[in-house]
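>>> Pasting a predicted model and its sequence here:
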Amino acid sequence: MDVDTGIDDSLALLYLLASPEAEIAGIAATAGNVPAPRVAANNLAWLDVCRAPDIEVALGAAEPLAIPLRTTEDTHGPHGVGYAELPESERPLSARSAAQLWVDLVREDPGRIVGLCTGPLTNLALALRLEPELPRLLRRLVIMGGAFNHPGNTTPTNEWNVHVDPEAAKEVFDAFSSAPPDRRPIVCALDITETIEMRPEHLALLAERAGSQPVEVVSETDPPEARSAGSNPIVRYLTDAVRFYFDFHRHYDQGYLAHMHDPFAAAVALDPALARLRPATVDVELTGALTRATTVADWAGMWGREPNADIVIGTDPAEFFDRMITRVGDFAMEVYPPAAPKDA
Ligand code: RIB
Ligand code: CA
């Protein structure tokens, strides 16, 4: 996982921790929603909350490849996990960089690792500079990022992860231009991730599945200082995190909901059959005065270049939410079993 945790990045981590078929080989902390050290601390803290085994968390570059870092605490909260106040972890950071982690893991296990990027592509680009063979050493790459036939969420045409580091995104898509068709990155862009709309009812269903009490239905009338009283810590912190995202989406007139960009990409990484794909040649605008960091898809070979991406063009949001609620709810209950009812 290469993440910029992040409220929805947190859900991607929980989804993978909750999925028996997933083994997290390592976590690369990329600067984006919040600075890289905060991203790393958030992941270590979530691993504590989830009583997870030791998983290597490696610190990424402090800045994007070519421009100063821009963060977005107004979207993800002062620490990047919304209203959640996760206890700081004592777990140690990896001694290696995020880029070195990428390179070492794919060299140790050629053809077996699925890379999942839910933040800017800075550290993957740095890894590709260290190891140009990386596209052929990965089993597959899944990227949450970009917007194609769909408005941007940061400027009118670009999406946050690409906006933070467009040079990195271009280097990644260019590097995969020579990858064989079954190694093309699967791209989960806003076109599809903005159809994955979490609502308060989904959180309540997850709390119920986890046996957390009380089952809370958060609402836009809840004050910012409200905090979940759920008995299950994973549900409690998750509720506090996502409620901030609900407030953010409502503030920008998108409704009291939250787009689940990153956990959707995680679900696709585990099961590409969840997504309908279409090949295209993707490139990134770097010099446009109005369009810098816009991802452009050539679906019809107009540029005369081989496809370098499989773009997700369809999915079933209900199926995704069913999987997420079932997996994360069951996981939360497993980690924190409800207290046995007191004898009457
Ligand atoms: O544009 C949405 C993406 O940007 C998500 O990954 C979110 O976490 C932010 O990183
Ligand atoms: Ca993210």
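Alright, I've got the coordinates. Ligands and ions are numbered 1, 2, ... in the order given.

>>> I'd like to know the phi and psi angles of the closest residue to ligand 1 within the chain, please.
Proximity of the chain to ligand 1 (CB to the nearest ligand atom) peaks at Trp160, 3.5 Å away. For glycine as for every other residue, the C-beta is placed from the backbone atoms N, C-alpha and C. Here is the backbone geometry of Trp160 (degrees, to the nearest 10): phi -50, psi -50.

>>> which residues does it contact?
Trp160 is in contact with 32-33, 72, 75, 153-154, counting by CB atoms under 8 Å, 6 or more residues apart in numbering.

>>> Please apply the same query to Thr75.
With contact set as CB under 8 Å, 6+ apart, Thr75 has these partners: 33, 160, 245, 248.

>>> Check the residues you listed and tell me the two furthest apart.
The most widely separated members of the contacts of Thr75, counting by CB to CB, are Trp160 and Tyr245 (13.2 Å).

>>> so how many other residues sit close to Arg51?
The burial metric for Arg51, expressed as a neighbour count using other CB atoms under 10 Å, is 12.

>>> what's the closest non-adjacent residue to it?
Across the structure, with CB to CB, 6 or more residues apart in numbering as the measure, the residue nearest Arg51 apart from its sequence neighbours is Val335 (5.3 Å).

>>> Contact partners for the one you found?
Val335 makes contacts with 50-51, 234, as judged by CB under 8 Å, 6+ apart.

>>> I figured Glu88 hits Arg38, correct?
No: at 10.9 Å, Glu88 and Arg38 do not qualify as touching, with contact defined as CB atoms under 8 Å.

>>> Tell me which of these two has more neighbours.
Arg38 (22 against 12).

>>> Show me what the helix or strand hosting the more buried one is packed against.
Assigned by DSSP states H and E, Arg38 falls within helix 36-49. Based on contacts counted as 3 or more CB pairs under 8 Å, 6 or more residues apart in numbering; DSSP states H and E, the elements that helix 36-49 packs against are helix 7-17, strand 27-29, strand 57-59, helix 233-251.

>>> and that helix, average pLDDT?
Per-residue confidence for helix 36-49 averages out to 98 on the pLDDT scale.

>>> Ok, stretch 102-114 next?
Along stretch 102-114, the predicted local confidence has a mean pLDDT of 98.

>>> CA atoms only: put it into CSV for me.
Below are the C-alpha coordinates for stretch 102-114, written out as CSV (Å, rounded to 0.1, in the frame of the first residue of the first chain):
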residue,chain,number,x,y,z
TRP,A,102,8.9,-0.7,-3.1
VAL,A,103,12.1,-1.7,-4.8
ASP,A,104,13.1,-4.3,-2.2
LEU,A,105,9.7,-5.9,-2.0
VAL,A,106,9.3,-6.4,-5.8
ARG,A,107,12.9,-7.8,-6.1
GLU,A,108,12.4,-10.2,-3.2
ASP,A,109,9.0,-11.5,-4.6
PRO,A,110,9.0,-10.9,-8.4
GLY,A,111,5.6,-11.2,-10.1
ARG,A,112,3.7,-11.7,-6.8
ILE,A,113,3.0,-8.2,-5.3
VAL,A,114,0.0,-6.1,-6.2
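
>>> Just the residues contacting it, thanks.
2, 25-26, 28, 96, 115, 123-124, 127, 130-131, 134, 137-142, 269.

>>> mind listing which of the residues you listed are in helices?
Among the contacts of stretch 102-114, the members falling in helices (DSSP state H) are 123-124, 127, 130, 134, 137, 269.

>>> Farthest-apart pair in these, please.
Leu130 and Ala269 (22.5 Å).

>>> could the contacts of Trp160 go into TSV alongside distance to ligand 1, secondary structure and pLDDT?
As requested, the contacts of Trp160 are arranged in TSV below (distance: CB to the nearest ligand atom, whole Å; DSSP: H, G, I helix; E, B strand; the rest coil; pLDDT from 0 to 100):
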residue	distance to ligand 1	secondary structure	pLDDT
Gly32	5	coil	98
Asn33	5	coil	98
Thr72	7	coil	97
Thr75	7	helix	96
Asn153	5	coil	97
Thr154	7	coil	98
